[in-house]
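>>> give me a 3D structure for the following:
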Amino acid sequence: MGALADGALSEGGRVIGVIPQFMDELEWAHRGLSELILVRDMHERKRLMIAEVDAVVALPGGCGTLEELFEAIAWKRLGLYGGPIVIVNTRGYYNPCLALLESAVRERFMDERHRALWSVVAEPEEVLEAIRNAPPWPADNRAFAVP
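Numbers count the residues shown, from 1 in each chain. Below is the predicted model of the structure:
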């Protein structure tokens with residue numbers, strides 16, 4: 001996350017960070033951000049991060065990234081978030097995750113229409129186009145949230 005923030009800042013971008021108090025106390029916060037929002041815990045961080053964005057982009061990452069990605073998918077599936085979700089599958093990183101999601105559809109834990117919850121690109125340079133081309137996801141899609 002730090003390298004991504006540094007890259008955006010070096011190009012004149014505005015970067016807003018959201019970090020729980022305990023991480024700030026451990027001095028894990030990036031002090032060069034345009035804005036740093038301190039929250040009570042990871043739950044508040046995730047809620048704020050998903051609720052306040054126009055799109056969710058998942059770059060390759062660890063368990064926190066995976067957890068945030070699945071939370072965004074769940075929110076969208078339930079009609080709580082309607083924006084694009086783009087998975088950046090660089091070098092096939094997310095292939096096992098995508099296979100798991102496909103299995104959930106195949107096994108009917110998710111509806112076939114849920115495949116439209118996310119899009120997948122191979123490279124970061126494809127993200128903006130994927131966001132622009134994302135199909136709308138209206139809240140009334142809750143009607144098929146439970147297959």
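>>> show me the shaky parts of the chain.
Residues of the chain that meet the criterion pLDDT under 70 lie in 144-147.
>>> please enumerate the strands of it.
Applying DSSP state E to the chain gives strands spanning 16-20, 35-39, 56-58, 85-88, 119-121.
>>> turn the ones you listed into JSON lines, columns for mean neighbour count and distance to Ala134.
C-beta here means a position set from N, CA and C on the backbone, and glycine is covered the same way. Listed next are the strands of the chain as JSON lines, based on neighbours: other Cβ atoms under 10 Å; distance: least, Cβ to Cβ, whole Å:
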{"stretch": "strand 16-20", "mean neighbour count": "18", "distance to Ala134": "22"}
{"stretch": "strand 35-39", "mean neighbour count": "14", "distance to Ala134": "26"}
{"stretch": "strand 56-58", "mean neighbour count": "21", "distance to Ala134": "10"}
{"stretch": "strand 85-88", "mean neighbour count": "22", "distance to Ala134": "8"}
{"stretch": "strand 119-121", "mean neighbour count": "18", "distance to Ala134": "6"}
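>>> distance to Trp28 added to those strands, as TSV?
Formatted as TSV, these follow (distance: least, Cβ to Cβ, whole Å):
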stretch	distance to Trp28
strand 16-20	7
strand 35-39	11
strand 56-58	20
strand 85-88	23
strand 119-121	29
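>>> and the helices in the protein?
Per DSSP state H, the chain carries helices over the ranges 2-10, 21-25, 42-51, 63-77, 95-106, 127-133.
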